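Participant: What follows is a predicted protein model with its sequence.
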Amino acid sequence: MAVRPITIEGINPDGTLILSDNGNTLASRGDTIQWIVGNNSGVATISSIHDTSSIDIFLPDPGKMPGNSSTWQGTINPNLSIPAQESYCIYYTKPGSTAVYMQDPIIRVDS
C-alpha cells in the first residue's frame, strides 16, 4: 500500500486548483492519499475533503494530519469494488478570506 502525495501548487485564474497530479489520481485499495498545501500556493487552509458520491472511496474519511495544519490524509477503502472512478471535493480558503472555495478532482482505483 503506497502513499500518494498530491501537492496543491497554486490557483488558476478561473479559481481551480493546480494539483501536482493534474486532478487525476490513480490509486489502489488501501493506498494513503495525502493532500499537501504547497508554499506560496495561494491556499491558506484546506477546510475539508470528502467524497460526494454514493461509493465510499475513503475509509476512514480524510482528515487533517495531527500537528500539521497544511496536510490532510485519507485511505482508499480496502473493500472498494474495482474498477472505480469518482469525484471528491476539496474545500479550501485563500489567505485573508473567510470564503470557502471548492475543487472536484477525480480519483481512479484500479487494483
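Facilitator: Arrived safely. Remember, it's a predicted structure, so these values are computed and weren't measured experimentally. Numbering: from 1, shown residues only.
Participant: Leaving out sequence neighbours, find the closest residue to the most centrally placed residue in the chain.
Facilitator: Geometric centre of the chain, nearest residue: residue 35, 5.2 Å, by Cα atoms, centre = their mean. Counting by Cβ to Cβ, 6 or more residues apart in numbering, residue 72 is the residue found nearest to residue 35 once chain neighbours are left out, at 4.5 Å. C-beta here means a position set from N, CA and C on the backbone, and glycine is covered the same way.
Participant: Against which helices or strands is whichever strand or helix holds the one you found packed?
Facilitator: Using DSSP states H and E, residue 72 maps to strand 71-75. When contacts are defined as 3 or more Cβ pairs under 8 Å, 6 or more residues apart in numbering; DSSP states H and E, strand 71-75 sits against strand 32-37, strand 45-51, strand 63-64.
Participant: 6 Å instead, please
Facilitator: Under the contact definition 3 or more Cβ pairs under 6 Å, 6 or more residues apart in numbering; DSSP states H and E, strand 71-75 sits against strand 32-37.
Participant: what pairs with the strand holding residue 72, and is each one parallel or antiparallel?
Facilitator: As defined by DSSP bridges, the strand partners of strand 71-75 come to strand 32-37 (antiparallel), strand 63-64 (antiparallel).
Participant: on that earlier part again, do you know how far the residue nearest to residue 35 is from residue 62?
Facilitator: Distance, residue 72 to residue 62, using Cβ to Cβ, to the nearest Å: 5 Å.
Participant: between those two, what contacts are shared?
Facilitator: Common neighbours of residue 72 and residue 62, counting by Cβ atoms under 6 Å, 6 or more residues apart in numbering, are residue 49.
Participant: what residue of the protein is the furthest out?
Facilitator: The C-alpha centroid of the chain is most remote from residue 96, which lies 22.2 Å away (Cα atoms, centre = their mean).
Participant: SS state for that one?
Facilitator: Using DSSP: H, G, I helix; E, B strand; the rest coil as the criterion, the local structure at residue 96 reads coil.
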